[in-house]
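K.L.:
sequence and predicted structure, then a few things I'm wondering about:
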Amino acid sequence: MIVRLIQNNRGFTLMETIISIMIFGIIGILLVGIIGAGANVYESIFNSKEIKDNLYLAQRRLNNDLFGLRDIQNISYADKTTITFTNSRLETIQYRYDTGKLYRSISGEGEYLIAQYLTDSTRFFYYTVGDSIINQDPLTSSSILSIWQVRLDLYATKGSESMKIRTTTFPQNLKYGVVK
């Protein structure tokens with residue numbers, strides 16, 4: 001009886017083993033594809049959120065700072081990548097775009113990053129009362145006095161995600177039609 005048990009217990013054939021390995025391989029490939037797709041979706045959502053947070057922070061900060069501008073004469077420098085002005089608390093504030101990043105500096109506090117992942121399409125635009133764009137770069141002191149609105153176009157890309165935000169600000173004293 002012992003001899004008979006040994007003869008009947010031969011195990012898997014080579015063909016059964018190969019088929020089992022192929023089935024497990026196909027299931028493994030499908031699982032890796034599903035997990036990889038989920039990771040790509042997560043990365044896309046994360047990148048999109050990070051870009052949006054960066055751009056909205058920069059937009060809100062710039063609007064708040066420019067809204068507190070005392071007088072258009074307090075803009076000391078303006079070009080397509082930089083604007084420098086003095087606010088109502090007599091603080092000198094500068095926004096500067098440089099190689100993919102937007103920096104904000106305030107007198108006495110130093111410079112810090114407020115937006116990143118920006119493209120070179122990011123720039124400031126300056127308009128007169130009649131919505132004419134001021135094309136000088138940098139602006140002269142006489143053209144600074146004619147600024148009615150400041151627009152900032154922020155373009156950002158991270159991974160496969162990209163976003164654009166355009167913000168237009170009318171400095172506080174100018175929104176009521178007071179032009180000096």
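P.N.:
Happy to help now that I have it. Predicted model only: the values in this text are computed from it and were never measured.

K.L.:
off-centre distance for the longest helix seen in the chain?
P.N.:
In the chain, assigned by DSSP state H, the helix with the most residues is helix 14-67. Remark: helix 14-67 is offset 19 Å from the chain centroid, using CA atoms, centre = their mean, to the nearest Å.

K.L.:
who are the packing partners of it?
P.N.:
Under the contact criterion of 3 or more CB pairs under 8 Å, 6 or more residues apart in numbering; DSSP states H and E, helix 14-67 touches strand 92-98, strand 101-106, strand 110-115, strand 149-158, strand 161-169. Quick note: C-beta positions are derived from backbone N, CA and C, even for glycine.

K.L.:
ok, 7 Å please
P.N.:
strand 110-115, strand 149-158, strand 161-169 (3 or more CB pairs under 7 Å, 6 or more residues apart in numbering; DSSP states H and E).

K.L.:
how about low-confidence regions in this protein?
P.N.:
1-10, 172-180 (pLDDT under 70).

K.L.:
how does it look with 90?
P.N.:
Within the chain, the stretches with pLDDT under 90 are 1-17, 28, 30-74, 86-91, 107-110, 115-116, 128-132, 135-137, 141-150, 157-180.

K.L.:
so who does the residue nearest the centre of the chain touch?
P.N.:
Centroid-nearest residue in the chain: residue 51, 3.4 Å away (criterion: CA atoms, centre = their mean). Counting by CB atoms under 7 Å, 6 or more residues apart in numbering, residue 51 touches 117, 156, 158, 161, 163.

K.L.:
please tell me how far it sits from residue 62.
P.N.:
17 Å (CB to CB, to the nearest Å).

K.L.:
do I have it right that residue 96 meets residue 103?
P.N.:
Yes - between residue 96 and residue 103 there is a contact under CB atoms under 7 Å: 4.9 Å.

K.L.:
give me the angle between the longest helix of the chain and strand 101-106.
P.N.:
Comparing the axes of helix 14-67 and strand 101-106 via axes from the mean of the first three to the mean of the last three CA atoms, to 10 degrees yields an angle of 30 degrees.

K.L.:
helix 14-67 to strand 149-158, inter-axis angle?
P.N.:
170 degrees.

K.L.:
now helix 14-67 against strand 161-169, angle please.
P.N.:
Going by the same axes, to 10 degrees, helix 14-67 makes 10 degrees with strand 161-169.
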